[in-house]
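[1] generate a structure from the sequence data that follows.
(one chain, ligands or ions: 1)
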Amino acid sequence: MTVLITGVAGFVGSALARRLLAAGESVVGVDSLTDYYDPGLKKENLATIPGEGFTFVGQDLNTADLDALLAGVQVVFHEAGQPGVRKSWGEDFATYVDANVLATQRLLEAARRAPDLRRLVYASSSSVYGNAQVYPTSEDDVPSPHSPYGVTKLAAEHLCTLYARNFDVPTVSLRYFTVYGPGQRPDMAFNRFIRAALAGRPIEVYGSGEQIRDFTFVDDVVTANLLAATNPVPPGAVFNVSGGTSISVNEVLDVLSGIAGRRLDVRRTEAVAGDVVRTGGSADRIRRQLGWEPTVDVESGLRAQWRSLGGDA
Ligand code: UGA
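    Reported below is the predicted structural model:
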């Protein structure tokens, strides 16, 4: 099978590429190496992807020749996008619209014309729910984003579903709940906490630290993508990919302190606009329809991430 991974130099994209190549698939990866975080880290991610069977294309989805990219491709994993819940206000919003909404719409138009395409898996986000009314939140609960980022992820998800309904583009959307593990983006909580702890710097917590997250280990997210690509699902389907943890940032810091074997220097700063109080997804649908189960608990996953950043554990 030949697959296209957009955002291949990112956290999830590069992990997915490694798994697919190890299974003997051919992978075309596209990434524009934006500077939201150090592009040097993205180049390091690319260097972890074996060369055999892999073709890298350094282009932006908003300008690339997508028909050429999709030629001979059976499955698209659309991981590219502008991430970051807390930075999506003000002038930066235009970047989120370009990278998340316009690029996805352009990809969907090209997907309509792609003769060999069997599945397009879109990396959606738990941020579409905002502060949900019910926990664990299920896919049928009404989305109500709490950040401009969440608005763009939801808009792109709706585009995927309506291209499926109107034009039979075989889309599936996976709502990832805070993905972590080795290779995590450097702006995300666990990566920042671990690097600060290892360097003996203070750990910065936004707000009270009582915010709760359903954290999901990266290998489990990769597995969800593979299942969504290969199993029969109704076009336009939406699935939560939620690790099943319901743990606060303060509780995470207790676990981390146990791994570090010492007390951590924690400083609390202002809460940040756009940050939700809690995420928690029901994984019933993906379990039932795709046979997916989370396999890594937070302590084991955090240990793996700690080791990947140079810590002993
Ligand atoms: C993450 C990703 O950044 C989004 O791209 C993704 O779409 C989203 O998950 C999702 O699940 O949809 P977030 O939950 O904010 O967003 O992930 P983290 O950056 O790991 O933050 C977790 C919590 O830790 C947040 O409440 C945040 O405010 C807090 N935090 C983060 C801190 O207290 N200090 C930090 O230095 C970083």
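[2] isn't residue 156 right up against residue 122?
    Yes. Look at residue 156 against residue 122 with C-beta atoms under 8 Å: they come within range, at 6.8 Å. The C-beta positions use only the backbone N, C-alpha and C, and glycine is treated the same way.
[3] which residues touch residue 19?
    Residue 19 is in contact with 222, 226, counting by C-beta atoms under 8 Å, 6 or more residues apart in numbering.
[4] which residues are in contact with the helix ranked longest in the chain?
    Taking DSSP state H as the assignment, the helix of the chain that covers the most residues is helix 148-167. With C-beta under 8 Å, 6+ apart as the test, helix 148-167 has contacts from 81-85, 87-89, 93, 96-97, 100-101, 104-105, 108, 111-112, 120, 122, 124-125, 127-130, 143, 145, 169-173, 175, 235-236, 238, 274.
[5] swap in 7 Å and give it another go.
    84-85, 88-89, 93, 96-97, 100-101, 104-105, 108, 112, 122, 124-125, 127-128, 130, 143, 145, 169-171, 173, 235-236, 238, 274 (C-beta atoms under 7 Å, 6 or more residues apart in numbering).
[6] mind giving me the PyMOL select for the residues you listed, buried ones only?
    Restricted to buried positions by 16 or more other C-beta atoms under 10 Å, the PyMOL selection for these reads:
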select buried, resi 84+85+88+93+96+97+100+101+104+105+108+122+124+125+127+128+130+143+145+169+170+171+173+235+236+238+274
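[7] which of the contacts of helix 148-167 are close to the ligand?
    Residues of the contacts of helix 148-167 in contact with the ligand (C-beta under 6 Å from any ligand atom): 84, 85, 125, 127.
[8] against the ligand, how distant is the residue nearest to residue 250 when sequence neighbours are not counted?
    Leaving aside its chain neighbours, residue 250 sits nearest to residue 209 (4.0 Å; criterion: C-beta to C-beta, 6 or more residues apart in numbering). Distance, residue 209 to the ligand, using C-beta to the nearest ligand atom, to the nearest Å: 6 Å.
[9] doesn't residue 209 fall inside a helix?
    No. Under DSSP: H, G, I helix; E, B strand; the rest coil, residue 209 sits outside any helix and is assigned coil.
[10] mind checking how far it is from residue 267?
    11 Å (C-beta to C-beta, to the nearest Å).
[11] who has more neighbours, the two?
    Taking neighbours as other C-beta atoms under 10 Å, residue 209 and residue 267 compare with residue 209 leading, 16 against 10.
[12] now do the SS call for the residue lying closest to residue 7 once chain neighbours are set aside.
    Excluding its sequence neighbours, the residue lying closest to residue 7 (C-beta to C-beta, 6+ apart) is residue 80, at 3.3 Å. Classification of residue 80 using three-state DSSP returns coil.
[13] tally of neighbours for residue 80?
    26.
[14] residue 229 should be in a helix, yeah?
    Yes. Per three-state DSSP, residue 229 lies within a helix segment.
[15] isn't it up against residue 74?
    No. Counting by C-beta atoms under 7 Å, residue 229 stays clear of residue 74, with 8.7 Å between them.
[16] up against the ligand, what does the stretch 101-250 of the chain have?
    Residues of the stretch 101-250 of the chain lying close to the ligand by C-beta under 6 Å from any ligand atom are 125-127, 176-178, 188-189, 192, 204-206, 211, 213, 249.
[17] next step: those residues restricted to helices.
    Using DSSP H, the members of those that fall within helices are 189, 192, 249.
[18] the helices in the stretch 201-313 of the chain, which residues?
    Counting by DSSP state H, counting those that start in this stretch, the stretch 201-313 of the chain has helices at residues 218-230, 249-260, 284-290, 298-308.
[19] for the longest one, buried residues please.
    Read it as helix 218-230. Of the residues in helix 218-230, those buried (16+ other C-beta under 10 Å) are 218, 219, 220, 221, 222, 223, 224, 225, 226, 227, 228, 229.
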